[in-house]
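# give me a model of this one.
(chains A and B)
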There are 2 protein chains.
Amino acid sequence: MTDIVKPSTLPGFMELLPREQILFNEMLDTIKRNYEKYGFLPLDTPVIEKSEVLLAKGGGETEKQIYRFQKGDTDMSLRFDLTVPLARYTVEHFNDLSFPFKRYQIGKVYRGEKAQKGRFREFYQCDIDTIGNEKLSILNDAEFPVVIYHTFKELGFDEFVVKLNNRKILNGFYKELAIEDTVSVLRTVDKLDKIGIDKVKAELLAVGVSEENADKILNFITIEGTNKEIIKQLENLGIENESFKEGVSELTTVIDCIGGYGVPETNYRVDLKVARGLDYYTGTVYETELVNYPEIGSVCSGGRYENLASYYTDKKLPGVGISIGLSRLFYQLNQANIIEAKRESLTDVMVIPMDEYEMDSIKLAAKLQEAGIATTVYTEKAKLGKKFKYADALNIPYTIVVGENEVQTGKYAIKDMAKQEQESLTIEQIIEKLK
Amino acid sequence: MTDIVKPSTLPGFMELLPREQILFNEMLDTIKRNYEKYGFLPLDTPVIEKSEVLLAKGGGETEKQIYRFQKGDTDMSLRFDLTVPLARYTVEHFNDLSFPFKRYQIGKVYRGEKAQKGRFREFYQCDIDTIGNEKLSILNDAEFPVVIYHTFKELGFDEFVVKLNNRKILNGFYKELAIEDTVSVLRTVDKLDKIGIDKVKAELLAVGVSEENADKILNFITIEGTNKEIIKQLENLGIENESFKEGVSELTTVIDCIGGYGVPETNYRVDLKVARGLDYYTGTVYETELVNYPEIGSVCSGGRYENLASYYTDKKLPGVGISIGLSRLFYQLNQANIIEAKRESLTDVMVIPMDEYEMDSIKLAAKLQEAGIATTVYTEKAKLGKKFKYADALNIPYTIVVGENEVQTGKYAIKDMAKQEQESLTIEQIIEKLK
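This next block holds a predicted model:
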């Protein structure tokens, strides 16, 4: 007798049933296809890295959440994002790469954070980044909303907005107001949609912002209009700060180029509330919102950073990138029943042998396969009803029963499982029908 | 000043340059597509599992090689194969699955074995398995060589052989000879191709096999001919052992069905030397050899097992499966320069803006993208020669320079980078040409 161990996964680790996995993979493939179409090269770095490399920056939440362990004399850790491995990769393989280096990576990352609903300890990130050698044109910043636009369209979404801002505008604006604790202000401002304008003002005053500045801030973050109108209003604020002016100029270029790429105005919008990773991003910043599901939060975020890999090299490697947190997105869309697979089954047809007609079934399946039709043969001895039930459970759209009559006449009854209709066709006609 | 950490990966962890990654992904996609076409459902289990679950079987090399660690109170390990997770999954989700449960999984597994050339500590396995509930028809065993045949054909190989045997034949045969130390005999016999018949005989005698039995064994393992001839000779041995007879009958069915699926005789062959995983497989066993590269060894192996998940359930779950060790295969093929990508670049065309013609370049790129042509725009200020060099380094097949003349005439000089030829075409003509 063997002792039975209860089979279960660790909490916070997503695992899907096959029909969900088909849908997940469909989304992943769509993202991959779009990333590739825009010239991003594939990377696949190891899940495990040297701890000293992964934690070169160190500090804070990262160190606490990381899965770190020893094996022999080696101190190793599981990657917690795809950006640090990209930095390591870019420096390590610098001489073999061409710059601007455009890469995508889709893979699992690991964070041992507190398990809670919709948060995962193992989750997919789908990243694209463009890295420059010493410098990188602002034109690159315009490409990411374009890729994301096409990706989300193809994922089946219509109503979504890539929200854009530029950290230089924020830095310049707050400098002009002589505000020092920018972090507290940005955090407060970020709550506008949730708590409303009055509470934001109260909180601003509470963190020591003057009445006059609070009004200026509220006036600033509620600037509205078309993208061009917003830019116009920013220019009209009369702020002479260099950073501010540079930010407005960059944002103007980005907006213009996204338009040039043909993205409709409704799908990208300047939003002066967007700030993101306060100590990391230095220019353009992105967030993406599903208009009808604002409670999901940003489904795709990123921005421009000054220097990718200062922990690994003295070379300056500016970059810009964006990331889709696919596991979390999938979980939320699935929970809300928003998405459905284009094909609930990857198999087009199941061939069901009667009694001794297994070999004939196999030969039929081979012909259908050859014609490019995904075909499987039911292999077990069972009653016909059970075989149909199996095909139904797997959402296989068509079944063909093969018995004496079929083999003699060369005509096969093909059954549409959804409509519960069947017709009698030759192999050629079946191929014609299913292609 | 930041301290610089030398960026490097751990030994035994494969990492590819983008052009190699394109090729690797092409192989992976081919495998995936073929697995799906034959009705195998996708799974994606977590890389980390509870140690008690993963090590339920325990013992031996596995325990030594596993990456195991604590996080908080949790004892966790990285998966070392995809079979144990499949067992855990099948039992955990038993009530949500339909049997026979056909699944594929392609993913990384981890083994902290001694680092050596061509062996990896993180590597891809590409597994397909079919699991039965209590029983599983022998017809399933025939499907794996068929899938592997189509997969390897599509991977670009012509000369390969799926070698087949059945453990019941071996068990019965050695029982008939009253040989007890079957393990030593099978190990010796396995060396035939390497050390030749005389040395095998000497070794057999050395492990205590009688002269008469040694001759019988050598006679048995050197049975040759077509698949049908080999079966005939096995039947003619006059062995009455039940296991032997059952094995021959199963092998006959498998051979016949593979033929029925249309696989050419040259690509599958009964080989009585094939034994595989001595304590695991109980029926059909597979190995796959690239005929012109026998030194690579088996590139795809598997077989039938009696019970998948005895450590997790009292239910009997017989299965059959096969696995491609993609990382190792890729490494060896790449080293031997055997493979090349169908497309060395995923990008069809790079648009190169002259001076101030960035917006025109973007608009052109958008039109090409819309027509389904993978297009990228060169974004940096640089001399024209450097831009062409960049396109060349990325193996992008076509470039289009956009300047005043192009915008005014609506005709664009498209350059074939390999042939170093260019022609002047309208956008419509370019789309026509590249599609």
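# now the end-to-end length of stretch A:175-186.
One end of stretch A:175-186 sits 13 Å from the other (C-alpha to C-alpha, to the nearest Å).
# ok, the most centrally placed residue in chain A to residue A:286 distance?
The residue lying closest to the centre of chain A (C-alpha atoms, centre = their mean) is residue A:324, at 2.4 Å. Between residue A:324 and residue A:286 the distance is 11 Å, computed by C-beta to C-beta, to the nearest Å. In this view, the C-beta of every residue, glycine as well, is placed from N, C-alpha and C.
# on that earlier part again, would you say the residue nearest to the centre of chain A is within a strand?
Yes. Counting by DSSP: H, G, I helix; E, B strand; the rest coil, residue A:324 falls inside a strand.
# after the helix or strand of chain A with the lowest mean pLDDT, which helix or strand is next?
Within chain A, no helix or strand scores below helix A:60-65, which has a mean of 82 by mean pLDDT, DSSP states H and E. Counting by DSSP states H and E, the element after helix A:60-65 in chain order, helix or strand, is strand A:68-71.
# what are the pairing partners of that next one, and which direction each?
strand A:74-78 (antiparallel) (DSSP bridges).
# check which helices and strands the helix or strand containing residue A:212 sits against.
Per DSSP H and E, residue A:212 falls inside helix A:211-221. Under the contact definition 3 or more C-beta pairs under 8 Å, 6 or more residues apart in numbering or on different chains; DSSP states H and E, helix A:211-221 sits against helix A:182-189, helix A:192-206.
# would you put the C-alpha positions of the last one in PDB?
What follows is helix A:192-206 as a C-alpha-only set of coordinates in PDB (Å, rounded to 0.1, in the frame of the first residue of the first chain):
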ATOM      1  CA  LEU A 192      -9.500  61.800  -8.000                       C
ATOM      2  CA  ASP A 193     -11.700  59.400  -9.900                       C
ATOM      3  CA  LYS A 194     -12.400  57.400  -6.700                       C
ATOM      4  CA  ILE A 195     -12.900  60.100  -4.000                       C
ATOM      5  CA  GLY A 196     -13.900  63.200  -6.000                       C
ATOM      6  CA  ILE A 197     -12.500  66.700  -6.200                       C
ATOM      7  CA  ASP A 198     -13.500  68.000  -2.700                       C
ATOM      8  CA  LYS A 199     -11.800  65.200  -0.800                       C
ATOM      9  CA  VAL A 200      -8.700  65.500  -3.000                       C
ATOM     10  CA  LYS A 201      -8.500  69.100  -2.100                       C
ATOM     11  CA  ALA A 202      -9.000  68.400   1.600                       C
ATOM     12  CA  GLU A 203      -6.200  65.800   1.400                       C
ATOM     13  CA  LEU A 204      -3.900  68.200  -0.400                       C
ATOM     14  CA  LEU A 205      -4.300  70.800   2.200                       C
ATOM     15  CA  ALA A 206      -3.700  68.100   4.800                       C
END
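# which parts of it are buried?
For helix A:192-206, a neighbour-count test (16 or more other C-beta atoms under 10 Å in any protein chain shown) marks A:200-201, A:203-204 as buried.
# and the furthest pair within these?
A:201 and A:203 (7.3 Å; C-beta to C-beta).
# around chain B, pick out the residues from the stretch 301-435 of chain A.
Counting by C-beta under 8 Å from any C-beta of the partner chain, the residues of the stretch 301-435 of chain A lying close to chain B are A:309-314, A:346-347, A:350, A:358-359, A:362-363, A:365-366, A:369-370, A:374-377, A:379-381, A:390, A:393-394.
# that's all I had, so thanks and see you.
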